[in-house]
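# return atomic coordinates for the entry below.
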Amino acid sequence: MTMTGQRTHTIDRGVAEGRELRRLLERGPFADALRAAIRARGLGLDRIRYRLRGRGCSVSLATLSHWQSGRCRPERPESLLVLKNLEEVLGVPPESLSRLLGPPRGRAARCTVPGEGLVMPRGRET
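Below you'll find the model as predicted:
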């Protein structure tokens, strides 16, 4: 394959991923949209965590991983502040991820992720 062919294939894949990200940011679900935004930004979770820390937001790698896997989702005020900053770090429109959360879940449905003391509702089981 020529360099031009390889480049065209890469561009086509990037366009398709961009379309998929826009669709997920519009319709969700939250975990899929977050995972697509992270993939589109091309940053690892450790790098994202570092950038969030630079904005004054402390979050564990486990928490970020749980959010993108759908195991848990942000709900408490501290977590929502992290999410707001995460949207900026990922370069997605403001509130595009947070509006996918829907209404808060009941207190009994929350789970705790070790490391940061953030309490979040349980997501779907895997």
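# and stretch 76-90, average pLDDT?
Averaging pLDDT along stretch 76-90 gives 97.
# contact partners for the nearest residue to residue 74 once chain neighbours are set aside?
Once flanking residues are discounted, residue 74 sits nearest to residue 83: 4.7 Å by CB to CB, 6 or more residues apart in numbering. Bear in mind the C-beta positions are built from the backbone N, C-alpha and C, glycine included. Residues near residue 83 by CB atoms under 8 Å, 6 or more residues apart in numbering: 74, 97-98.
# which of those lies closest to residue 104?
Nearest to residue 104 among these is residue 74, at 10.3 Å by CB to CB.
# re earlier: now render the contacts of residue 83 as TSV, adding secondary structure, distance to residue 104 and neighbour count.
Output for the contacts of residue 83, formatted as TSV (DSSP: H, G, I helix; E, B strand; the rest coil; distance: CB to CB, whole Å; neighbours: other CB atoms under 10 Å):
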residue	secondary structure	distance to residue 104	neighbour count
74	coil	10	25
97	coil	15	24
98	helix	12	14
